[in-house]
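Enquirer: For reference, the sequence and a predicted model appear below.
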Amino acid sequence: MSSIKEVLRLKYLAQLSNREIQTLGVASKSGVSNFTAAFEKSGLNIHQALAMDDSSLSVTLFPEIVAYIKPKLSFKPAPDWNTIHNELKKKGVTRQLLWEEYREKHPNGYGYSQFNEHYRRFALTLNPSMRQIHFAGDKLFVDFSGLTMNIYNAKTGESDTAQIFVSVLGASGYTFVHAVLSQNTEDFIECHNKAFGFYRGVPNIVVPDNLKAAVISNKRGNVVLNESYADMARHYGVAIVPARPYHPQDKSKVELGVKGCQRWILAKLRHRQFFDIDELNSAIGALLDDYNAKVIRRLGKSRIYN
């Protein structure tokens, strides 16, 4: 990877500072500043930039310099890889079809093999460790946050601990957060009721962790659900597929949701005192709208409009 691409990757995907990138020895301080300034003026998004070959990227970011050195140098227009990625989630849509549509718009664009290679590179930037495809309305991932909030008694000053329930839709990442006083089965089921009301529908599958409120046993694929939790699933007509023990990738969506909830909601409430659970949930709800509307940099869309 060229130094320009590496700087852009570290800056906009890894979200390192200019000083941190310089410390890694990728480029000088002035080089990092020049590359990022040129990129921000170019109108490209980060995935388009990383998918371009080195010469094409240089032409786009520094046209006056490249034109002086090699006036006849040209580049091939890159597709919007985020759009390509989302189109591939639709039934019947293939890379061959998308490439043909791309070539209709850009007859001198990438050949099919180049198109596939550049898309492969883009897909790796979404998740270097594992790529999962989720369909709209199919799976809802649920768990409790490890971070709790205090509810104070106004008369005695004593406090109870509020548990924070988090649910995340697989395809969009659309997130629901709700505080309850315990992780028992009754409160856990109530959280599901609230979540289904929030989403205005039920998914095909709910994926919980193996907490006692939901799962009695999960060994080698033999799952025994808590009886009340199983009744809830039958009532709503949803399947319960708990994450496998010691397989964190099964619940990676909700783990990211928990992390986002802790950073963008609970952390903002850390200096406030709450005197009942409804007051806490009202404060959470106000911040939750902003969290779901927040644009995800690597995708260019929010959880609401993903």
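Expert: Yes, it's here. Residues are numbered from 1 along each chain as shown.
Enquirer: Check which residues of stretch 234-245 are buried.
Expert: Neighbour-count burial for stretch 234-245 flags Val238, Ile240, Pro242, Ala243, Arg244 (criterion: 16 or more other CB atoms under 10 Å). (Each C-beta comes from the backbone N, C-alpha and C, glycine too.)
Enquirer: so what's the second one up against?
Expert: Residues in contact with Ile240, defined by CB atoms under 8 Å, 6 or more residues apart in numbering, are Ile205, Val206, Pro208, Ala214, Val223, Leu225, Tyr229, Ala230, Ala233.
Enquirer: try 7 Å this time
Expert: Taking CB atoms under 7 Å, 6 or more residues apart in numbering, we find Ile240 in contact with Val206, Pro208, Leu225, Ala233.
Enquirer: can you check the first one too?
Expert: If a contact means CB under 7 Å, 6+ apart, then Val238 has Val202, Pro203, Asn204, Ile205, Val206 as its contacts.
Enquirer: which residues touch the last one?
Expert: Shown in contact with Val206 (CB under 7 Å, 6+ apart): Leu140, Val142, Val238, Ile240.
Enquirer: Now the element after the helix or strand of the chain with the lowest mean pLDDT, going C-ward?
Expert: Each helix and strand of the chain was given a mean pLDDT (mean pLDDT, DSSP states H and E); the minimum falls on helix 63-69 at a mean of 54. Sequence-wise, the next helix or strand downstream of helix 63-69 (DSSP states H and E) is helix 81-87.
Enquirer: Which elements pack onto that following helix?
Expert: In terms of contacts (3 or more CB pairs under 7 Å, 6 or more residues apart in numbering; DSSP states H and E), helix 81-87 is packed against helix 46-51, helix 112-126.
Enquirer: Mind putting the ones you listed into CSV with mean pLDDT?
Expert: Formatted as CSV, the helices and strands packed on helix 81-87 follow (pLDDT from 0 to 100):
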stretch, mean pLDDT
helix 46-51, 84
helix 112-126, 82
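Enquirer: for these, which one sits closest to Leu97?
Expert: Distance to Leu97, taken as CB to CB, is lowest for helix 112-126 among these, at 11.3 Å.
Enquirer: helices or strands up against the very next helix or strand once past that closest one?
Expert: Sequence-wise, the next helix or strand downstream of helix 112-126 (DSSP H and E) is strand 139-144. For strand 139-144, the elements it packs on are strand 159-169, strand 205-208, helix 252-261, judged by 3+ CB pairs under 7 Å, 6+ apart.
Enquirer: residue ranges of the helices in the stretch 151-300 of the chain, please?
Expert: Using DSSP state H, counting those that start in this stretch, the helices found in the stretch 151-300 of the chain span residues 185-199, 227-236, 252-261, 277-293.
Enquirer: Report the beta-bridge partners for the nearest residue to Asn281 once chain neighbours are set aside.
Expert: Nearest residue to Asn281 in three dimensions, chain neighbours excluded: Ala179, at 5.3 Å (CB to CB, 6 or more residues apart in numbering). Assessed by DSSP bridges, Ala179 has beta-bridge partners Ile164.
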